[in-house]
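K.L.:
okay, sequence plus prediction incoming.
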Amino acid sequence: MTETPARSFVDDRPGVFRVRRGAFVEPALFERELERIFGRCWNYLCHESQLRERGRYVRGTIGRFPVFAIRGLDGEIRCFHDSCPHRGSMLTRGRSGVQPTITCRYHGWAFNADGKCIRVRNRDTGYDREALARLGTDLKPVARLAAYRGFVFACLDPEVEDLETFLGGARPFIDLMADQSEQGMEVLKGESTYVMRANWKLQTENSTDGYHVATVHRNFAHAVRQRETLTRETGDARARTEASRILDLESIRSGGYDAGNGHMINWSDRGSPESAPLNEAREALVARFGPGKARWMIDRGRTVTIFPNFFLNDVASTCIRLWRPVAVDLTEIDTWCLAPVGESAEARRARIRKYEDFFLPSSLAVPDDVRAMEVAHAGSLAAGGAGWNDLALGRATMIEGADDAARELGAAPLHSNPGRESETPFYAFWREWRRRMDGP
Amino acid sequence: MSFDAALTAEAADLLYREAGHLDRREWEAWLALYAEDAVFWAPAIVGDEGFSEDPDNDVSLIYLDRAGLEARIFRIEGGDSFASTPLPHTAHLVSNVRAVGAGGPEIEVSATWLVNSFRRTDPPILRAGRYAYTLRRSASGLTIARKTVHVLDDRIVGPIDIFNI
């Protein structure tokens, strides 16, 4: 079978940028994505705060391959294929937990948390040394593991560029999350995995799509405003959930960036910064980082979408989301709340309530996103995926390089758009997708 | 405190009425079963076997006061939520009801639930879990002071809202 090149799905010419809908629905492309994108890219695994103790692990997937990250006996985090060197059984007992000794339940081989084999049953009576040397009894690490500001990534390709190089222009925006507390950030207890019957790239687009907010999340905004009319005034502005970025978009500043390497940024100012849980740290953040960066951290909501399937969202609340490709039309999504260590009890409570309002499959927003993406997938099947998404929205206002807001942060996007309701940040993703799919 | 058959029958009647209101989409009648200071709580999964335990420090699936419940009704009834339009038909099955009273105004009730949800455009969804209620006796009868819903699904298919758990 001849491969259809990815460039035939991305029409990128001067003045025109279009994506053929078959990019979302063609099964052959999906298989190629697993190999050329997920198989070669840095893949987000977990946050370091989820691996505090030695022997604590979390399961992950790279494309469809099972892996796990574990804090070793020496304190180092490693990532191994979740597969016994003996006969291939998965080794982890669950999604997460503490296993200082990892024992394969099938035939009883055991490994320490550093990955060293510590027991082969019948080692002396049943195996000769040559056979054991040949099969290699230690756990097989994935080729590369690295962390940036507490976010842990792994890659199957030993030749991959450094993580910092890959994150590139997105780093200043990741720092806006990582720098919120001098004591670091932590993932809170209470996780959620939900299912979307749509292609994973629809979630990548949706994560940075400012255009759907006013339509899909209008219901969220009206529901929280209606709730506030019923809520007893506590005097704590943080108890309110911000909706003005949705309902009053014309009166606030917003924008979007191509951060390079497929990463996309979308931002909008908060109509009421005093409702942000981080507002209590304003003085300390201005002192540490200056007024420009502090404004970006507190007064401005941001989504940072990292190629191909991971984002940090600090708009309604602080969220880590990872979407895993299962099939061309099926995606599993994990979500966690990330919070500054040491924030006040009031800020923590407000952060959690706002997170529950927006980021969960039981919230006032995510179910509507999931529905929107499922319907987009179903409709993209029309005419066999022959239709085109012409990503022309906002093209006229796009500028090359950084705008004033980006310069304030010291960020250097490839192109900027002064309006959140633009599709030009998507060019970042699709250019990287095409490059990797058609590359060597 | 021992099993109290008469109290259980009285509590079960309230639980069944609540389930019927939800399945028939009688939102105002449903909300009227809740006390003014009521709390509706669905903990989230923690790890493989646990649930979040402290709503002030852990994430929950749902943690709402009465105003939050009203906002949910606003969402469901408004016809503007993409995920909730059209609403699925639901059938709540509430079973294994046991009530324990300590002689005071509050009664603790445990139960098990199944909810089947059907919408023509989607595959059917079956969910299950446990209820823990605190009911309060007042002049007008029993009201719900607190409802805790443990949703057992650890891979959530379709939206979760107050009407389908």
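P.N.:
Structure received.

K.L.:
alpha carbons only for contacts and neighbour counts from here, please
P.N.:
Fine.

K.L.:
touching stretch A:419-427 from outside, list them.
P.N.:
The contact list for stretch A:419-427 (CA atoms under 8 Å, 6 or more residues apart in numbering or on different chains) reads A:17, A:205, A:208-211, A:253-258, A:264-268, A:391-395, A:397-398, A:415-417.

K.L.:
what is the end-to-end distance of that stretch?
P.N.:
The first residue of stretch A:419-427 is 15 Å away from its last residue (CA to CA, to the nearest Å).

K.L.:
relative to the whole chain's centre, how far out is that stretch?
P.N.:
On the basis of CA atoms, centre = their mean, to the nearest Å, stretch A:419-427 is displaced by 19 Å from the centre of the chain it belongs to.

K.L.:
these two touch, right, residue A:24 and residue A:204?
P.N.:
No. With contact defined as CA atoms under 8 Å, residue A:24 does not count as touching residue A:204 (11.3 Å).

K.L.:
look up the closest residue to residue 151, ignoring the ones flanking it.
P.N.:
You didn't pick a chain, so chain A it is. residue A:47 (4.7 Å; CA to CA, 6 or more residues apart in numbering or on different chains).

K.L.:
that was the other one, I meant chain B.
P.N.:
residue B:129 (4.8 Å).

K.L.:
try residue A:321
P.N.:
Nearest residue to residue A:321, sequence neighbours excluded (CA to CA, 6+ apart): residue A:335, at 4.5 Å.

K.L.:
same check, this time on residue A:310
P.N.:
Among residues not flanking residue A:310 along the chain, residue A:322 sits closest, at 4.6 Å (CA to CA, 6+ apart).

K.L.:
quick one: contacts of the host helix or strand of that neighbour?
P.N.:
Taking DSSP states H and E as the definition, residue A:322 sits inside strand A:318-327. The contact list for strand A:318-327 (CA under 8 Å, 6+ apart) reads A:30, A:44, A:61, A:63-64, A:199-200, A:203, A:309-313, A:331-339, A:351, A:355, A:359.

K.L.:
could I have the helix or strand following that strand exported to PDB, CA atoms only?
P.N.:
Following strand A:318-327 in sequence order, the next helix or strand is strand A:330-340 (DSSP H and E). Taking Å, rounded to 0.1, in the frame of the first residue of the first chain, the C-alpha atoms of strand A:330-340 are listed here in PDB:
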ATOM      1  CA  LEU A 330     -11.300   6.900  20.500                       C
ATOM      2  CA  THR A 331      -9.300   9.000  23.000                       C
ATOM      3  CA  GLU A 332      -8.800   8.600  26.700                       C
ATOM      4  CA  ILE A 333      -8.300  11.800  28.700                       C
ATOM      5  CA  ASP A 334      -6.600  12.100  32.100                       C
ATOM      6  CA  THR A 335      -7.000  15.300  34.100                       C
ATOM      7  CA  TRP A 336      -5.400  16.500  37.400                       C
ATOM      8  CA  CYS A 337      -5.500  19.700  39.400                       C
ATOM      9  CA  LEU A 338      -2.100  21.300  40.000                       C
ATOM     10  CA  ALA A 339      -1.800  23.700  42.900                       C
ATOM     11  CA  PRO A 340       0.900  25.800  44.500                       C
END
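
K.L.:
look up how far residue B:14 lies from residue A:44.
P.N.:
Relative to residue B:14, and taking CA to CA, residue A:44 is found at 47 Å.

K.L.:
looking only at neighbour counts, state which of those two leads.
P.N.:
Per other CA atoms under 10 Å in any protein chain shown, whichever of residue A:44 and residue B:14 has more neighbours is residue A:44, with 26 against 18.

K.L.:
can you confirm that one is in a strand?
P.N.:
Yes. Counting by DSSP: H, G, I helix; E, B strand; the rest coil, residue A:44 is part of a strand.

K.L.:
what's around the nearest residue to it once chain neighbours are set aside, how many residues?
P.N.:
Closest residue to residue A:44 apart from its sequence neighbours, by CA to CA, 6+ apart: residue A:153 at 4.3 Å. Number of residues near residue A:153 (other CA under 10 Å) recorded here: 20.

K.L.:
residues contacting the host helix or strand of residue A:153, please?
P.N.:
For residue A:153, the enclosing helix or strand under DSSP H and E is strand A:151-155. Strand A:151-155 has contacts (CA under 8 Å, 6+ apart) with A:39-48, A:62, A:79, A:142-147, A:163.

K.L.:
could you do stretch B:129-142 as well?
P.N.:
With CA under 8 Å, 6+ apart, stretch B:129-142 has contacts from B:11, B:14, B:33, B:105-114, B:143-152, B:165.

K.L.:
count of residues packed around residue 122?
P.N.:
Using chain A here. 9.

K.L.:
think we crossed wires, I meant chain B
P.N.:
For residue B:122, using other CA under 10 Å, the count is 10.

K.L.:
equivalent analysis for residue B:112, please.
P.N.:
17.

K.L.:
output the below-cut-off pLDDT ranges for the stretch 201-350 of chain A.
P.N.:
A:232-235, A:244 (pLDDT under 70).

K.L.:
specify the beta-bridge partners of residue A:152.
P.N.:
The partner list for residue A:152 in beta bridges (DSSP bridges) reads residue A:46, residue A:147.

K.L.:
count the neighbours of it for me.
P.N.:
Other residues close to residue A:152 by other CA under 10 Å number 21.

K.L.:
and the strands in chain B?
P.N.:
With DSSP state E, the ranges of strands along chain B come out as B:34-43, B:45-46, B:50-51, B:60-64, B:89-101, B:106-118, B:125-138, B:141-151, B:156-157.
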